[in-house]
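just a sequence and a predicted model for now, questions to come.
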Amino acid sequence: MWRWPRPRNAIAKEIMAGTSPDLTPNIVISDSVRWTLNGSGKFTLKSAWNALRTVYPVVPWAKGVWFSHNVSRWAFIEWLTFLGRLFTKDRLLSWGLGVNATCVLCCQEDESHEHLFFECDYSRYVWTRMLGKNTIVRPCYGLAREIDWLCTHMRADSYTQRTYKLSLAASIYWIWRERNARVFKGINTSAESLWSKIADEVKACMCSWRRIKPNDENRLLVRS
Ligand SMILES: [Zn+2]
């Protein structure tokens, strides 16, 4: 029969309640602490984190956004965009906020994720130029189809695929930033100037990559 000391907390109470009165202590083996959330019995942060969090299925475009050569702030805005979580005007209006629904980039259509990426004349121009810079011969798609295209062209980590993924992230980030500059600061940049800036930013990232083969295709991608 066990003779427990008086329990001092809920955990001690739980241990006492879970111990069978018939359990015979093993006097040969010393007591030890075992972390039951890990197969090895040892505590790891990963096992604790996995026990605490809710696990959701991985979205198919995850590796198109979260790859090692992406720029963190670009990836973050791209991630919000793909989830439809940017504070676009259609969402603000749905929450009852009195904002002007018109897109500040083209001043023609109402602003939404789909419009900004890339149904808007302004953003379509920017992304079409970036596609050309990537030597990708196809029209500029809307957001949903662009994500589909990303999913089917991101599997390998080749130089051209990495550059395409980076270009998409940069374009989304800078278009959203241009939108904010117009809304909050009244500062406008032409589509031509913005695409040129994005191309320079992507080029700067590419030039920092190591072990890049200096072939004709790669030279074309970083050409000014
Ligand atoms: Zn627009």
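Arrived safely, thanks for sending.

got the residues of the protein near the ion?
Taking C-beta under 5 Å from the ion as the test, the list of the chain residues beside the ion reads 103, 105-106, 120. Where you see a C-beta, it was placed from the backbone N, CA and C, and this is true even at glycine.

switch to 6 Å and redo it
Within the chain, the residues that sit near the ion (C-beta under 6 Å from the ion) are 103, 105-106, 109, 115, 120, 122.

isn't Leu131 right up against Arg138?
Yes: counting by C-beta atoms under 8 Å, Leu131 touches Arg138, with 6.8 Å between them.

still on that earlier bit, okay, and which of the residues of the chain next to the ion map to strands?
Secondary structure assignment by DSSP state E places none of the residues of the chain next to the ion in strands.

for the longest helix belonging to the chain, name the packing helices and strands.
Ranked by residue count and defined by DSSP state H, the top helix of the chain is helix 159-180. If contacts are counted by 3 or more C-beta pairs under 8 Å, 6 or more residues apart in numbering; DSSP states H and E, helix 159-180 sits against helix 62-65, helix 72-83, helix 121-133, helix 143-152, helix 191-208, helix 216-222.

tell me what the second one is packed against?
So the one you mean is helix 72-83. Counting by 3+ C-beta pairs under 8 Å, 6+ apart, the packing neighbours recorded for helix 72-83 are helix 62-65, helix 143-152, helix 159-180.

now do the buried residues in it.
If you call a residue buried by 16 or more other C-beta atoms under 10 Å, then helix 72-83 has these buried ones: 74-75, 77-79, 81-82.

which one of those is nearest Lys89?
Ranking the buried residues of helix 72-83 by separation from Lys89, with C-beta to C-beta as the measure, puts Thr81 on top at 14.6 Å.

that older thread, format the residues of the chain next to the ion as JSON lines; extra columns: neighbour count and pLDDT.
Putting the residues of the chain next to the ion into JSON lines (neighbours: other C-beta atoms under 10 Å; pLDDT from 0 to 100) gives the following:
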{"residue": "Cys103", "neighbour count": "23", "pLDDT": "97"}
{"residue": "Leu105", "neighbour count": "24", "pLDDT": "97"}
{"residue": "Cys106", "neighbour count": "18", "pLDDT": "97"}
{"residue": "Glu109", "neighbour count": "16", "pLDDT": "96"}
{"residue": "His115", "neighbour count": "21", "pLDDT": "98"}
{"residue": "Cys120", "neighbour count": "25", "pLDDT": "97"}
{"residue": "Tyr122", "neighbour count": "22", "pLDDT": "97"}
